[in-house]
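Peer 1: No letters, just coordinates:
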């Protein structure tokens, strides 16, 4: 009981500290990525934090798995380094006997990863797609923010209006840059108003000038106007019939026979199986080298985690391309990783020497 309580207490502290650090790093990366999407016009600037929250929520299974693996390796490496493992070995506690308390500590994390990967992951992706679709369905005029350069949905125009706008249908200090296959146009005006006829939106610019560059021949054309009209168009309707594999529910993936959906099912199940395998691997590889630094165990854990998850990505692509079946992926990758971890653990528990398996040289 003393060993179990002390081990779980130290694992809890290490797991909590590692989780906070990794979540902070992931949130920073996701914030920068979401801000980039908002600057390109893919995400509403007002929904940046919401999209970032859903994205981090979808990445929590991977974050929890990595935090657990690093905590196990870091804790056991510290116990080896401070000779605590020698004391527990001398008290009759073997290496295989440590697997049970590690699994008792990890089972709530396994349940959390299962719920996040099988239920929360598709729901979070569905919420992100709904936010992006809702923003894309808005017209170009509705997406323009005063004081900001805003690109249209098709990327052919860039708008800018002054921050001080008299009303929702009027604006001052207008700038419009249009790109066409054969010409580039820059239009500026002192004021503008929005006119709607037969469902079409037209922006009427007043007191401005227009600069036109023809790409086929050199030179430019400058013209001044008292009033100039440009058609904005209508919001394009999104395709509601096209579904994404990441937004499909787990039950739909189980009932489907599509290779792409089976590959997504293999990825979600692999996230749950990987947690158990990482517990076994963490116990098997947590060895301290006297000449290595204190961060050697953590670096090895990160590289092992990256290799494991890269193999999961490769296996998912192979299942989607029908080069590998889903049962073969589960048994080959996750079953193989479990067998390797148990083999290393049994070899260290029984003090097997790999040199003993090699043929010996007899002296003449």
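Peer 2: Happy to help now that I have it. Given the structure is predicted, the values throughout are model-derived calculations rather than measurements.

Peer 1: check contacts around the residue nearest the centre of the chain.
Peer 2: Centrality entry for the chain: nearest residue to the mean C-alpha point is residue 59, 5.5 Å, by Cα atoms, centre = their mean. Taking Cβ atoms under 8 Å, 6 or more residues apart in numbering, we find residue 59 in contact with 26, 30. For every residue, glycine as well, the C-beta is placed using N, CA and C.

Peer 1: Quick check: the gap between it and residue 83.
Peer 2: 38 Å (Cβ to Cβ, to the nearest Å).

Peer 1: Kindly report the same for residue 277.
Peer 2: Distance of residue 277 to residue 83, given as Cβ to Cβ: 29 Å.

Peer 1: if you count what's nearby, which of the two comes out ahead?
Peer 2: residue 277 (23 against 8; other Cβ atoms under 10 Å).

Peer 1: Which residue, other than its chain neighbours, is closest to the more buried one?
Peer 2: residue 337 (4.7 Å; Cβ to Cβ, 6 or more residues apart in numbering).

Peer 1: same for the strand or helix carrying that neighbour, what does it pack against?
Peer 2: Following DSSP states H and E, one finds residue 337 within helix 336-349. Secondary-structure packing of helix 336-349 (3 or more Cβ pairs under 8 Å, 6 or more residues apart in numbering; DSSP states H and E): helix 259-285.

Peer 1: tell me the angle the helix it packs on makes with helix 336-349.
Peer 2: Angle between the axes of helix 259-285 and helix 336-349 is 10 degrees (criterion: axes from the mean of the first three to the mean of the last three Cα atoms, to 10 degrees).

Peer 1: helix or strand right after helix 259-285?
Peer 2: Downstream of helix 259-285, the first helix or strand assigned by DSSP H and E is helix 296-320.

Peer 1: what sits up against that next one?
Peer 2: Against helix 296-320 from outside (Cβ under 8 Å, 6+ apart): 62, 65-66, 69-70, 73-74, 77, 259-260, 262-264, 266-267, 270, 274, 277-278, 281-282, 285-286, 288-289, 324-326, 329, 332-333, 337.

Peer 1: Could I get the full set of helices for the stretch 51-200 of the chain?
Peer 2: 60-81, 84-90, 99-115, 121-136, 140-143 (DSSP state H, counting those that start in this stretch).

Peer 1: so of those helices, which one's packed in deepest?
Peer 2: helix 60-81 (a mean of 22; mean count of other Cβ atoms under 10 Å).

Peer 1: What helices and strands are in contact with that one?
Peer 2: helix 2-39, helix 84-90, helix 99-115, helix 259-285, helix 296-320.

Peer 1: For these, could you give me CSV that also reports mean pLDDT and distance to residue 204?
Peer 2: Shown next, in CSV, are the helices and strands packed on helix 60-81 (pLDDT from 0 to 100; distance: least, Cβ to Cβ, whole Å):
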stretch, mean pLDDT, distance to residue 204
helix 2-39, 85, 29
helix 84-90, 67, 79
helix 99-115, 89, 55
helix 259-285, 89, 48
helix 296-320, 85, 51
